[in-house]
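**Q** sequence and predicted structure, then a few things I'm wondering about:
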Amino acid sequence: ETGVTQSPTHLIKTRGQQVTLRCSSQSGHNTVSWYQQALGQGPQFIFQYYREEENGRGNFPPRFSGLQFPNYSSELNVNALELDDSALYLCASSFSGTDGYTFGSGTRLTVV
Amino acid sequence: AQRVTQPEKLLSVFKGAPVELKCNYSYSGSPELFWYVQYSRQRLQLLLRHISRESIKGFTADLNKGETSFHLKKPFAQEEDSAMYYCALRTTSGTYKYIFGTGTRLKVLA
């Protein structure tokens, strides 16, 4: 399996709930990063994981957290959802993070 | 402040005309710059990065540190170039961050 796959593709949650989004990295990639893309905006960097450790973080509150597993797949968890969290969430993987990323198709999260 | 600015939301050009998509950045160190492209109903994909100095699909981009710019250029636009283009910066010191611009939609008219 090549390429980055994300699940689910769409999700609707209620304000205050928690959500977990999943990502399978491209084969051979050991670095994964997550982005939030609001409508009409560029992707906003949430954080990056390299070999299961967070090694980069954007300006997002601690209720945004993540995990990277030994097989380099990854999760994004968001607690206490707010309406403004509604966005497209993109996962991207790379080998080491310096040579550009391969992006997934994203998960569209709607918070109502 | 670390920032990537793409001043044009929409750029329309005729087929065969030259194209220049502007990107300016603000970063105190030596950044790594990238261009990503998103064709209709497809995922975001890497177009080129400054460090490799390559030409992809006829597009080139030169990093100008004096002007803090990384404009994307193509001498003759094709209809299949119509897409959303994002300029991105990767920080090279301290905590890694990627900063994307807001994107420019390129429309190539027949």
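**A** Yes, it's here. Numbering: from 1, shown residues only, chains lettered A, B, ... in the order given.
**Q** who's in contact with the residue lying closest to residue A:79 once chain neighbours are set aside?
**A** Nearest residue to residue A:79, sequence neighbours excluded (Cβ to Cβ, 6 or more residues apart in numbering or on different chains): residue A:63, at 4.3 Å. Yep, even glycine has a C-beta here, placed from its N, CA and C like the rest. Listed by Cβ atoms under 8 Å, 6 or more residues apart in numbering or on different chains, the contact set of residue A:63 reads A:78, A:79, A:80.
**Q** restricted to strands, list those residues.
**A** residue A:78 (DSSP state E).
**Q** now, of the contacts of residue A:63, which are buried?
**A** For those, a neighbour count by 16 or more other Cβ atoms under 10 Å in any protein chain shown gives the buried set as residue A:78.
**Q** and the contacts of residue A:63, which is closest to residue B:10?
**A** Nearest to residue B:10 among those: residue A:78, at 32.0 Å, using Cβ to Cβ.
**Q** partner residues bridging the closest one?
**A** residue A:19, residue A:64 (DSSP bridges).
**Q** so where is chain B shaky, pLDDT-wise?
**A** B:94-95 (pLDDT under 70).
**Q** repeat that with 80
**A** For chain B, applying pLDDT under 80 flags the ranges B:1, B:51-55, B:93-97.
**Q** and if you look at chain A?
**A** Checking chain A against pLDDT under 80 turns up A:1-2, A:96-100.
**Q** residues touching the residue of it most remote from its centre, list them.
**A** Centroid-distance maximum for chain A: residue A:112 at 20.2 Å, with Cα atoms, centre = their mean. Contact analysis of residue A:112 by Cβ under 8 Å, 6+ apart lists A:12, A:13, A:14, A:15, A:83.
**Q** that one and residue B:53: what is the separation?
**A** Distance, residue A:112 to residue B:53, by Cβ to Cβ, to the nearest Å: 47 Å.
**Q** nearest to residue B:90, of the contacts of residue A:63?
**A** Scanning the contacts of residue A:63 for proximity to residue B:90, where the rule is Cβ to Cβ, the winner is residue A:78, at 24.1 Å.
**Q** which strand residues bridge the residue nearest the centre of chain A?
**A** Residue closest to the average C-alpha location in chain A (Cα atoms, centre = their mean): residue A:34, at 3.3 Å. On the basis of DSSP bridges, residue A:34 is bridged to residue A:47, residue A:91.
**Q** what residues are up against it?
**A** A:23, A:45, A:46, A:47, A:48, A:66, A:74, A:76, A:89, A:90, A:91, A:92.
**Q** now swap in residue A:106 and tell me
**A** By Cβ under 8 Å, 6+ apart, the neighbours of residue A:106 are A:6, A:9, A:37, A:88, A:89, A:90, A:91, B:43.
**Q** inside strands: which ones of these?
**A** Among the contacts of residue A:106, the members found in strands (DSSP E) are A:6, A:37, A:88, A:89, A:90, A:91.
**Q** counting neighbours, which of the residues you listed comes out on top?
**A** Scoring those on neighbours with other Cβ atoms under 10 Å in any protein chain shown, the highest-scoring entry is residue A:91 at 30 neighbours.
**Q** cool, thanks, signing off.
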